[in-house]
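Novice: let me see the structure of the following:
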Amino acid sequence: MRHHSLRNVLAACLGLLFCVAAQAGDKVNVAVLNAAGDIGLFIAQERGYFGAEGLDVSLTHIDSAVKMMPLLGTGDLDVGGGATTAALYNAADRKIDVRVVASRARTAPGFGYQALVIRKDLVESGKYKTYADLKGLKFAFASPGSTPLSSLNEVLKKANLKFSDMSVTYLNFGAQVAALQSGAIDGTIMIEPYLSQAVGAGAAVNVTPTEAYYPGAEVSLLLYGDKFIKDRPQVATRFMKAFLRGARDFKDAIDAGRWKTGPVADDVIRIFAKSVNMPEAVIRGMTPQFADADGDINVESLRMDLAWFKESGDVTSKTITADMIVDLTFAKAAAKELGPYKPAK
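Specialist: Predicted coordinates:
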């Protein structure tokens with residue numbers, strides 16, 4: 001009887017330890033683009049912010065937000081990130097709910113981390129001088145129905161051009177750099193750090209930052225899958241808290257769209273370079289994005305992109321709106337817990 005009691009006590013203790021361990025490591029599957037918008041996630045992982053929230057976070061590289069959509073819809077992914085896409089709105093129209101829950105990266109005055117780039121030899125030869133010279137050029141994008149195409153549309157409108165005046169193909173960001181080097185494409189709308197990589201390699205010229213023709217563009221957003229939101233809302237809030245801590249650390253490393261000098265920026269650059277497997281010198285040379293300390297979103301930018309998706313036929317629903325896919329509940333809750341952002345001195 002005594003042995004049975006001892007075994008029961010031990011079993012209870014082991015069960016308690018198992019529960020504590022489970023609570024201390026809630027699994028969260030996250031997709032990253034290995035781009036500048038991921039930096040808040042990389043910092044949160046490297047500095048233990050996810051662990052501090054009792055989360056076991058795995059980061060998996062998927063090269064476009066479009067490819068993340070079905071995985072977020074099925075629950076195979078909990079969190080994703082990148083530009084808003086036609087696939088996001090089409091999924092919502094089919095009642096497959098994926099929500100935009102926070103801003104990761106957007107343009108702002110002085111923050112030119114996304115830009116129109118043209119192959120260097122075309123610029124040097126004078127074949128490209130103005131937006132009007134985009135006619136007939138071959139552009140590459142990470143995926144169809146994504147916001148970089150909406151961004152290019154804003155450029156084309158300034159030259160009274162249409163997409164039918166151009167040739168478009170689809171390549172991931174890394175392949176775009178190689179295609180510019182080989183001459184396989186003429187240009188693209190490129191994000192950091194690939195932008196600095198292409199320019200640094202002498203393959204392309206940064207012609208115009210997105211901010212010049214599309215102010216306040218939301219270039220990268222944090223996405224939550226429906227199952228993550230509905231089945232694990234507390235975990236989703238803890239994840240957001242850790243992410244915003246990482247985003248705030250990133251803000252501490254930049255000033256007016258440029259990296260600061262000193263150990264704060266040096267360590268953020270180290271983390272980013274390690275995470276995307278690029279030299280620190282490339283990261284140091286890139287133009288950082290604007291990051292919102294509370295994850296707030298410029299919804300007007302999403303409305304403009306959706307208007308383009310509808311115009312291009314990528315979204316056919318007449319009832320879907322940008323506001324319908326935005327849920328700032330988790331960002332607001334996390335920001336409230338963290339308190340107002342105070343820049344590091």
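
Novice: can you name the residues bridging to residue 208?
Specialist: Following DSSP bridges, residue 208 is listed with bridge partners residue 116.

Novice: what about it, how many neighbours?
Specialist: Summarising burial for residue 208: neighbours were counted as other CB atoms under 10 Å, giving 17. For every residue, glycine as well, the C-beta is placed using N, CA and C.

Novice: hang on, it packs against residue 155?
Specialist: Yes: using CB atoms under 8 Å, residue 208 makes contact with residue 155 at a distance of 7.4 Å.

Novice: what is in contact with these two at once?
Specialist: Between them, residue 208 and residue 155 share these contacting residues under CB atoms under 8 Å, 6 or more residues apart in numbering: residue 116.

Novice: so what's the residue lying closest to residue 35 once chain neighbours are set aside up against?
Specialist: Taking CB to CB, 6 or more residues apart in numbering, and ignoring the residues beside it in sequence, residue 35 has residue 191 as its nearest neighbour in space, at 5.4 Å. The neighbourhood of residue 191, defined by CB under 8 Å, 6+ apart, consists of 35, 36, 37, 105, 113, 114, 173, 219, 220.

Novice: sec struct for the last one, please.
Specialist: With DSSP: H, G, I helix; E, B strand; the rest coil as the basis, residue 220 sits in strand.

Novice: in whichever strand or helix holds residue 150, what's buried?
Specialist: With secondary structure defined by DSSP states H and E, residue 150 is part of helix 147-158. Taking 16 or more other CB atoms under 10 Å as the neighbour-count basis, helix 147-158 is seen to contain the buried residues 147, 148, 149, 150, 151, 152, 153, 154, 155, 156.

Novice: hmm, back to that, from the contacts of residue 191, which has minimum pLDDT?
Specialist: Comparing pLDDT over those, the lowest score belongs to residue 113 (87).

Novice: pull the residues that contact stretch 314-334.
Specialist: Contacts made with stretch 314-334 from outside it, assessed by CB under 8 Å, 6+ apart, are listed as 84, 86, 88-90, 92-93, 98-102, 144-145, 224, 229, 233, 236-237, 239-241, 243-244, 294-297, 299, 302-303, 305-306, 309-310.

Novice: distance between the ends of that stretch?
Specialist: 34 Å (CA to CA, to the nearest Å).

Novice: list the buried residues in that stretch.
Specialist: Buried positions in stretch 314-334, judged by neighbour count with 16+ other CB under 10 Å: 314-315, 320, 322, 325-334.

Novice: now, among those residues, which is nearest to residue 285?
Specialist: Compare each of the buried residues of stretch 314-334 with residue 285 using CB to CB and the shortest gap goes to residue 331, at 30.7 Å.

Novice: the closest one belongs to a strand?
Specialist: No: Residue 331: not assigned to a strand; according to three-state DSSP it is helix.

Novice: any idea how far it is from residue 338?
Specialist: Distance of residue 331 to residue 338, computed by CB to CB, to the nearest Å: 10 Å.

Novice: now for those two: what residues contact both?
Specialist: If you check residue 331 and residue 338 against CB under 8 Å, 6+ apart, the residues they both contact are residue 244.

Novice: so who does residue 291 touch?
Specialist: When contacts are counted by CB under 8 Å, 6+ apart, residue 291 touches 39, 40, 103, 104, 105, 247, 250, 251.

Novice: can we see that at 6 Å?
Specialist: By CB atoms under 6 Å, 6 or more residues apart in numbering, the residues touching residue 291 are 247, 250, 251.

Novice: just how off-centre is the helix or strand hosting the second one within its chain?
Specialist: Remark: residue 250 resides in helix 233-252, with elements defined by DSSP H and E. With CA atoms, centre = their mean, to the nearest Å as the basis, helix 233-252 stands 14 Å off its chain's centre.

Novice: with adjacent residues omitted, what lies nearest to residue 289?
Specialist: Beyond its immediate neighbours in the sequence, the residue positioned closest to residue 289 (CB to CB, 6+ apart) is residue 105, lying 3.7 Å away.

Novice: thought the one you found was touching residue 218?
Specialist: No: in this structure, residue 105 is not within contact of residue 218 by CB atoms under 6 Å, at 8.0 Å.

Novice: more neighbours: which of those two?
Specialist: Under the neighbour definition other CB under 10 Å, residue 105 and residue 218 were set side by side, and residue 105 has more, 31 against 25.

Novice: what sits against that one?
Specialist: 36, 37, 219, 220, 289.

Novice: for the last one, what are its contacts?
Specialist: In this case it means residue 289. Taking CB under 6 Å, 6+ apart as the criterion, residue 289 is in contact with 36, 105, 111, 113.

Novice: ok, now how distant is the second one from residue 81?
Specialist: Distance from residue 105 to residue 81, counting by CB to CB: 9 Å.

Novice: common neighbours of those two, please.
Specialist: residue 37.

Novice: can you list the weak-confidence ranges in this structure?
Specialist: Along the chain, the model assigns pLDDT under 70 to residues 1-24.

Novice: can you give me the domain boundaries for it?
Specialist: If the domains of the chain are taken from automatic domain parsing, they occupy 2-109+217-338, 114-213, with pieces of a single domain joined by a plus sign.
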